[in-house]
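Peer 1: quick one: sequence plus predicted model below, questions after.
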Amino acid sequence: MGVSTTLMTIDEDIHWHDSLILSVRITPEKDLIEMRLLYPEEWRSNSYAERTVIFENAYGYKEFEGPLEGSPTILSVAVVATHDRWSQLRIETNAGYREVFCVDAYLKAR
């Protein structure tokens, strides 16, 4: 497996910070991961809405988090490595971190 030097571009329209992770659904037959979030819509009024981030051509989703009361809050997301066409994303939360390999990540249209 070759290692690419080109990092995936995460959709710049996704405002990860302060999103709460409500649930994660993995659909292996479609290589799809859906992360349902309570997503910051308007910072000034502190309003949130349920939104879903889609990870396409995804595999290797793992959670490295400790116990936490309530939903984990996303602190940051970064591409930390690439392998062929897949990028490894690291999702830092207030409970630890999560990792996933994928080809694309975007906010699902309403």
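Peer 2: Structure received.
Peer 1: what stretches of this structure score poorly on pLDDT?
Peer 2: By pLDDT under 70, the weakly predicted segments of the chain are 1-12.
Peer 1: can you show me the strands along the protein?
Peer 2: Per DSSP state E, the chain carries strands over the ranges 20-27, 32-42, 47-56, 59-65, 74-83, 86-93, 96-102, 104-107.
Peer 1: distance between the last one and the chain's centre?
Peer 2: What it means is strand 104-107. Distance, stretch centre to chain centre, for strand 104-107: 8 Å (C-alpha atoms, centre = their mean, to the nearest Å).
Peer 1: that strand: partners in the sheet, and parallel or antiparallel?
Peer 2: Here strand 104-107 has these sheet partners by DSSP bridges: strand 47-56 (antiparallel).
Peer 1: and the angle from the partner strand to strand 32-42?
Peer 2: Strand 47-56 and strand 32-42 meet at an angle of 150 degrees, taking axes from the mean of the first three to the mean of the last three C-alpha atoms, to 10 degrees as the criterion.
Peer 1: any chance you could list what contacts strand 47-56?
Peer 2: For strand 47-56, the external contacting residues (C-beta atoms under 8 Å, 6 or more residues apart in numbering) are 14, 20, 22, 31-41, 61, 89, 100, 102-108, 110. No exception for glycine: its C-beta is placed from N, CA and C like everyone else's.
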